[in-house]
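*Asks:* Quick one, fold the following:
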Amino acid sequence: MTNSITITPSFITQLREQIEYPSAGVFSKVLLKDNACQYTLFCLAANTDISEHTSIRNATINVIDGRGLLTLSGEDIVLEPGVFVLMLANAPHALKAEENLTFLLTLSEKVTDKN
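*Replies:* Numbers count the residues shown, from 1 in each chain. Model prediction:
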């Protein structure tokens with residue numbers, strides 16, 4: 001299930017108040033979307049796996065709560081509050097929530113060189 005919030009010139013929210021853990025699986029909530037970026041809050045129940053995939057957009061993960069393991073291009077990265085990860089477009093990645101896990105995922109347009 002995905003929800004959207006309509007935005008006016010400014011947007012302020014307390015991310016911890018937006019957390020909604022499902023009993024199993026993933027709950028995602030689009031907080032803000034414009035022509036360049038999409039900001040989505042992901043809440044994963046403990047022991048949830050997201051199998052390896054790629055994205056055509058650059059992405060960042062900013063961990064808010066919980067603990068998990070991100071495998072990014074073959075490297076294991078521990079996800080815990082305060083961790084920030086940049087994933088370039090087309091990088092293979094998978095995720096496992098070891099306990100309830102919340103992060104803000106920001107998708108942005110891939111910058112291409114025009115030389």
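
*Asks:* Could you report the neighbour count for the residue lying closest to Leu15 once chain neighbours are set aside?
*Replies:* Excluding the flanking residues, the one nearest Leu15 by Cβ to Cβ, 6 or more residues apart in numbering is Ile64, at 5.5 Å. Yep, even glycine has a C-beta here, placed from its N, CA and C like the rest. Neighbour count of Ile64, defined by other Cβ atoms under 10 Å: 19.

*Asks:* Enumerate every residue touching Ile64.
*Replies:* 15-16, 19, 81, 102-104 (Cβ atoms under 8 Å, 6 or more residues apart in numbering).

*Asks:* likewise Gly25?
*Replies:* 44-45, 48.

*Asks:* Relative to Thr40, how far out is it?
*Replies:* 15 Å (Cβ to Cβ, to the nearest Å).

*Asks:* Likewise for His53?
*Replies:* Using Cβ to Cβ, His53 is found at 15 Å from Thr40.

*Asks:* Over to Asp34?
*Replies:* Distance, Asp34 to Thr40, using Cβ to Cβ: 13 Å.

*Asks:* Check Arg16 too.
*Replies:* As defined by Cβ to Cβ, Arg16 lies at a distance of 16 Å from Thr40.

*Asks:* higher neighbour count, the two?
*Replies:* Between Arg16 and Thr40, counting by other Cβ under 10 Å, Thr40 is the more crowded of the two (19 against 9).

*Asks:* helix or strand for that one, which one?
*Replies:* strand 37-44 (DSSP states H and E).

*Asks:* what packs against that strand?
*Replies:* Applying 3 or more Cβ pairs under 8 Å, 6 or more residues apart in numbering; DSSP states H and E, one finds that strand 37-44 makes contact with strand 26-33, strand 93-108.

*Asks:* Out of those, which one sits most buried?
*Replies:* Across these, averaging neighbours per residue (mean count of other Cβ atoms under 10 Å) puts strand 93-108 on top, at a mean of 20.
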